[in-house]
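# Here you go, sequence then predicted model.
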Amino acid sequence: MDGGPTDRPDRVKIKPVAADAGVSVAVVSKVLRNAYGVSEAIRLNVTESIDRPGYRTNVDARRMRGRTFNIGVLPVELRNPFLPELIDGVNRVLRQSHYKAMIGVCQKQRTLEASLV
């Protein structure tokens, strides 16, 4: 093995997390997606199990479901003096969620804007 992205012996899978928490894989998935139908006690238990072994979500698996948890910010240019305040505000709000900001500058070009989206 060459140590590429698929060779991650340290990567903890969802099944061991579920076993450690004493719940089903579906419950762990609901906690990861912040879905309804999970009590706060179970959510805390699963979160502790996730944190213990250093679990990291599989971004590729999430993308297959059409969810990347990314928010796009597409300013026209970077010279706008309001832009740093806007980006700080977006990041401040997103810090409390599973979402991350992705910033691209579209430069008033529809094709570039479409490719960034």
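Yes, it's here.

# so how many other residues sit close to I14?
Using other CB atoms under 10 Å, I14 is surrounded by 17 other residues. C-beta: built from backbone N, CA, C; applies to glycine.

# Where does pLDDT dip in the protein?
Along the chain, the parts satisfying pLDDT under 70 run over 1-11, 53-67.

# Domain map for it?
1-67, 69-117 (automatic domain parsing).

# Doesn't G72 lie inside a strand?
Yes - using DSSP: H, G, I helix; E, B strand; the rest coil, the assignment for G72 is a strand.

# Any idea what it is bridged to?
With DSSP bridges as the criterion, G72 is bridged to M102.

# So it is in contact with M102, correct?
Yes - the criterion here is CB atoms under 8 Å, and G72 meets it with M102 at 5.3 Å.

# what's the distance between S115 and V90?
Separation of S115 from V90 (CB to CB, to the nearest Å) stands at 21 Å.

# repeat for F69
14 Å.

# Which residue of S115 and V90 possesses the greater neighbour count?
Neighbours around S115 and V90, counted as other CB under 10 Å, are more numerous at V90. The numbers are 15 against 10.

# The more buried one belongs to a helix?
Yes - assignment of V90 by three-state DSSP places it within a helix.

# Just the buried residues of the helix or strand where L44 lies, please?
Element membership for L44 (DSSP states H and E) is helix 40-51. Judged by neighbour count using 16 or more other CB atoms under 10 Å, the buried positions of helix 40-51 are 42, 45-47, 49-50.

# Out of those, which is nearest to R110?
I50 (41.4 Å; CB to CB).

# roughly how far apart are the closest residue to that closest one other than its chain neighbours and L78?
For I50, ignoring the flanking residues on the chain, the nearest one in space by CB to CB, 6 or more residues apart in numbering is V17 at 5.6 Å. Look at V17 and L78: by CB to CB, they are 41 Å apart.

# So these two - more neighbours on which side?
Taking other CB under 10 Å, V17 and L78 do not tie; V17 has more neighbours (23 against 10).
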